[in-house]
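A predicted structure for the sequence below; I have some questions about it.
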Amino acid sequence: MRPVAMAFRGVRERRVSSIITILAVALACSLLMLVWAFKKEAEQSFAGANGGFDAVLGPRGSKLQIVLNALYHLDESPGLMKWKDFEQVGKYPAIEAAYPIAVGDNYRGYRLVGTVSDYLSKHSYAEDRHFEVEEGGALFEEKSMNAVVGNLVARRLGMKVGDTFHPYHGLIYNESAKHEEIYTVTGILKPTGTPADKVIWIPISGIQTMSGHDPSAATDISAALLKFKQGANMAGFQLDMLYNKQGNRLTLAWPANRTIVQFFDKISWFDKILQAVAVLVAIIAGGSILAILHNAMNERKRDIAVLRALGAKRFTVFTITLLEAVGMTLAGVVAGFVVYLVLGFSIGEVVQRETGVLLSPFTYNSAMIWAPMGMLGIGVFSGLLPSLKAYRTDVSKNLS
Amino acid sequence: MALLSIRGLVKGYPSEWGGRVDVVNVIAFELQPGEQVLLQGESGSGKSTLLNLIAGIVVADSGEILLSGENVSSLSESARDTHRARSLGYVFQDFNLLNGYSCLENVELGMSFGEGADREYALQLLARVGLANRQNYRPDQLSQGQKQRVAIARALANRPKLVLADEPTGNLDPTNAAIALELIQSLCRENGAALLFVSHDSQLLSKFGRVVDLAELNQAACLSSKGGGIE
């Protein structure tokens, strides 16, 4: 019988404590990967989900709030900006495209976003990627009562082309706040993996002139999404100077994705706590391996003495014990990957539902290598002491 | 040529009152190939220590143990392990079967550290000790007598030249003790292995052609049956 098979027997013999140890290793490994790898993926995905825009111009307020509201369709707008401000920024020579958006209504909790049809037909939300509607659908026309539904919303609400709906006032669904207008779905967007999937797009005039809205704000918008011309490197600085430093009515969030990165930086203390917890769990898992094997050694001195009496060398019993530690850690690491994927997909699902941003636990990160290797290292290190104990077992004293 | 030849073998331990006490002090002892010897002695007379010395589990203070002409005492620990794995079978009073393994696997363990496991042969041995139908049982599912039969099969698994049996009937009732003794003796005979059987049970005297009293062995030269040892 080979040492590997004998080590497997040892692990199986103590199945309850072995399973607990394997679970501890799995938890530690998955936590390490989630905290490092998945967090990085979340940062990159959020920063990358800027919809292909370089900057967002909005009413005076927090840059983060403007970006969250205009690009990620989260949070409320800090206020309204005038249409003429939108037109003015659109004429700036370095601007390739400017699109207005207006928010303020929802349908069953999903935000209605008013914009111009050019946004959905001409803008590329990522490199070489344009919005497309599913077969049989069409984009809305300006000033129509038509809607294009984001893919996630369509799936969740079961909406299809030809369906009609009443918008509801506000960003939070309230049955009593129904608007009289009836919108008809003309298209379902193909999945984009961006926040565009989790909203319903209507002509901007729809939001501006919706029944019950303040008529004096009928030309106002929530924000302007800006794309700079290629090579217009100074545009951001100049507009930042114009709106943020010299002006006091509007706020320019530029670069749009840096605002999100800065947000992640601001909550990095929370990452540190998670990292500390993950490392602590890893240490506990290592301690668990050490404890289980160390205790097992006390119970198994006779077995080891018998193996030695049958001709097993010291190094063989050392190897068997170490293999038990390695085996439990390996099983834990494999289980850890499974736990990581399950948690990753679950978190990704929640994040996509809430933000529209697509997170993939498969995206490579170096933590996927060093976390399992680190756990294996901890496992081997924890197995050394019990293995040495096995190595030094006195045969004659322990043979009954 | 003797299979086992012991000369001037001394093994002592520090005593509680200071100094050393010699537990084993054998001037001379020989065992011929295939010979079966009963080694008798009181508790604490050093029987197990002598077997451990022959097995290379403990190292002598002085003297030599020649097994097939090779001096076990002068071998490195690793070489003694190999010597045990390839040339010796060991039967213990408490059976010392491993509970995490089936009967078949316990027998296979007897050969795992030597030439390697041979399942066919392990099955043959289990059948020979009457436990073919218990091959997948674990030791804790067996009676005491069955456990010792598995231990006997294990001791013969590596086709040893010499089987050391340390009070193997000590924990068995008379019926099972007789079965175990008969099995050890006949299996050793069938396999051409010599047997050094340690017991303080005087009822076993008649079962062996040669009986050695360890107390006397420790004091005087005790040669093989051909040399006129204690019989």
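Yep, that arrived.

Might you report the residue contacts of residue 130?
In the absence of a named chain, chain A is used. A:121-124 (CB atoms under 8 Å, 6 or more residues apart in numbering or on different chains). C-beta here means a position set from N, CA and C on the backbone, and glycine is covered the same way.

you looked at the wrong chain, it should be chain B
residue B:149.

three-state assignment of the nearest residue to residue B:20 once chain neighbours are set aside?
Sequence neighbours aside, residue B:12 is the residue nearest to residue B:20 in space, at 4.2 Å (criterion: CB to CB, 6 or more residues apart in numbering or on different chains). Using DSSP: H, G, I helix; E, B strand; the rest coil, the structure places residue B:12 in strand.

Also residue A:303?
Strictly by three-state DSSP, residue A:303 counts as helix.

pretty sure it contacts residue B:101?
No: assessed by CB atoms under 8 Å, residue A:303 is found out of contact with residue B:101, at 9.5 Å.

out of the two, which sits in the busier spot?
Comparing residue A:303 with residue B:101 by other CB atoms under 10 Å in any protein chain shown, the one with more neighbours is residue A:303, at 24 against 20.

gap between that one and residue A:127?
As judged by CB to CB, to the nearest Å, residue A:303 and residue A:127 stand 63 Å apart.

Residue B:120 should be in a helix, yeah?
Yes: per three-state DSSP, residue B:120 lies within a helix segment.

Could you report the pLDDT at it?
Each residue has a pLDDT score; the one for residue B:120 is 92.

again with the one 3 residues further on
The predicted local distance difference test score for residue B:123 is 94.

now the contacts of residue A:130 as CSV including distance to residue B:74 and pLDDT?
Formatted as CSV, the contacts of residue A:130 follow (distance: CB to CB, whole Å; pLDDT from 0 to 100):
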residue, distance to residue B:74, pLDDT
A:121, 93, 93
A:122, 92, 93
A:123, 88, 93
A:124, 84, 91
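
Quick one: which of the residues you listed is the most crowded by neighbours?
That'd be residue A:123 among those, by other CB under 10 Å, with 20 neighbours.

And the residue of the stretch 301-400 of chain A that's closest to chain B?
residue A:311 (2.4 Å; CB to the nearest CB).

Tell me who's in contact with that residue.
B:81-82, B:84-86, B:88, B:113-114, B:158.

Skipping adjacent residues, who's closest to it in space?
Here the residue nearest residue A:311, using CB to CB, 6+ apart, is residue B:85, at 2.4 Å.

what's around residue A:135, how many residues?
9.

swap that for residue A:278, sorry
21.

The nearest residue to it once chain neighbours are set aside sits in which helix or strand?
Using CB to CB, 6+ apart and skipping the chain neighbours, the partner closest in space to residue A:278 is residue A:31 (4.0 Å). Here residue A:31, judged by DSSP states H and E, is contained in helix A:15-33.

residues touching the residue nearest the centre of chain B, list them.
Nearest to the mean C-alpha position of chain B, by CA atoms, centre = their mean, lies residue B:164 at 0.8 Å. For residue B:164, the contact set (CB under 8 Å, 6+ apart) comprises B:51, B:54-55, B:88-91, B:196, B:198.

contacting residues for whatever residue of the stretch 151-300 of chain A ends up closest to chain B?
Nearest residue of the stretch 151-300 of chain A to chain B, counting by CB to the nearest CB: residue A:300, 9.2 Å away. By CB under 8 Å, 6+ apart, residue A:300 lies in contact with A:10, A:390.

can you give me phi and psi for residue A:135?
The phi and psi values for residue A:135, taken as degrees, to the nearest 10, are phi -50, psi 140.

still on that earlier bit, surely the residue nearest to residue B:20 touches residue B:23?
Yes: look at residue B:12 against residue B:23 with CB under 8 Å: they come within range, at 6.3 Å.

if you average pLDDT over stretch A:388-395, what comes out?
The average pLDDT within stretch A:388-395 is 91.

and the end-to-end length of it?
14 Å (CA to CA, to the nearest Å).

For that stretch, report the contacting residues that lie outside it.
For stretch A:388-395, the external contacting residues (CB under 8 Å, 6+ apart) are A:294, A:297, A:300-301, A:304-305, A:308-309, A:314-315, A:317-318, A:320-321, B:52, B:57.

Just give me how far that stretch sits from the chain centre.
Computed by CA atoms, centre = their mean, to the nearest Å, the chain-centroid distance of stretch A:388-395 equals 50 Å.

Show me which residues of it are buried.
Going by neighbour count (16 or more other CB atoms under 10 Å in any protein chain shown), the buried part of stretch A:388-395 is A:389-391, A:393, A:395.

distance of residue B:80 from residue B:7?
In terms of CB to CB, residue B:80 sits 18 Å off from residue B:7.

Neighbours of residue B:143, how many?
11.

Quick check: nearest residue in space to it, chain neighbours excluded?
Using CB to CB, 6+ apart, the closest residue to residue B:143 is residue B:176 (7.8 Å).

following the longest strand anywhere in chain A, which helix or strand comes up?
As assigned by DSSP state E, the longest strand anywhere in chain A is strand A:95-107. Counting by DSSP H and E, the next helix or strand C-terminal to strand A:95-107 is strand A:110-115.

would you put the C-alpha positions of the helix or strand following that following strand in CSV?
Next in sequence after strand A:110-115, counting helices and strands by DSSP H and E, comes helix A:117-122. What follows is helix A:117-122, C-alpha atoms only, in CSV (Å, rounded to 0.1, in the frame of the first residue of the first chain):
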residue,chain,number,x,y,z
SER,A,117,-32.5,58.1,-29.7
ASP,A,118,-29.0,58.9,-31.0
TYR,A,119,-27.6,57.7,-27.7
LEU,A,120,-28.9,54.2,-28.4
SER,A,121,-28.3,54.2,-32.1
LYS,A,122,-24.9,55.9,-32.5
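
so residue A:355 touches residue A:74, yeah?
Yes: Residue A:355 lies in contact with residue A:74 (CB under 8 Å); the separation is 6.4 Å.

Overlap of the contact sets of the two?
When contacts are counted by CB under 8 Å, 6+ apart, residue A:355 and residue A:74 are jointly contacted by residue A:195.

can you give me the strands for the chain?
Unless you meant another one, I'm taking chain A. A:55-59, A:95-107, A:110-115, A:124-126, A:129-130, A:146-149, A:164-165, A:168-169, A:183-188, A:200-203, A:223-228, A:250-253.

right idea, wrong chain: chain B
Taking DSSP E, the strands of chain B run over residues B:4-14, B:20-31, B:36-40, B:62-67, B:70-71, B:88-91, B:162-166, B:194-199, B:210-213.

So which of those strands is nearest residue A:373?
The closest of the strands of chain B to residue A:373 is strand B:88-91. By CB to CB, the value is 42.1 Å.

and chain A, which residues reach chain B?
A:1-2, A:9-10, A:12-13, A:302-303, A:306-314, A:316, A:395-396, A:399-400 (CB under 8 Å from any CB of the partner chain).

change it to 10 Å
Selection of chain A residues close to chain B by CB under 10 Å from any CB of the partner chain yields A:1-3, A:5-6, A:8-14, A:300, A:302-316, A:394-400.

Who are the packing partners of the longest helix seen in chain B?
Longest helix of chain B, by residue count under DSSP state H: helix B:174-191. Packing contacts for helix B:174-191, counted by 3 or more CB pairs under 10 Å, 6 or more residues apart in numbering or on different chains; DSSP states H and E, involve strand B:36-40, strand B:88-91, helix B:119-128, helix B:144-156, strand B:162-166, strand B:194-199.

one more time with 6 Å
helix B:144-156 (3 or more CB pairs under 6 Å, 6 or more residues apart in numbering or on different chains; DSSP states H and E).

Is the helix it packs on in proximity to chain A?
No: for helix B:144-156 and chain A, the contact criterion (CB under 6 Å from any CB of the partner chain) is not met; the two come no nearer than 7.7 Å.

What are the contacting residues of that helix?
Outside helix B:144-156, the residues within contact range by CB atoms under 6 Å, 6 or more residues apart in numbering or on different chains are B:89-91, B:95, B:97, B:103, B:106-107, B:110, B:125-126, B:129, B:131, B:139, B:163, B:172, B:176, B:180, B:183-184, B:187, B:191.
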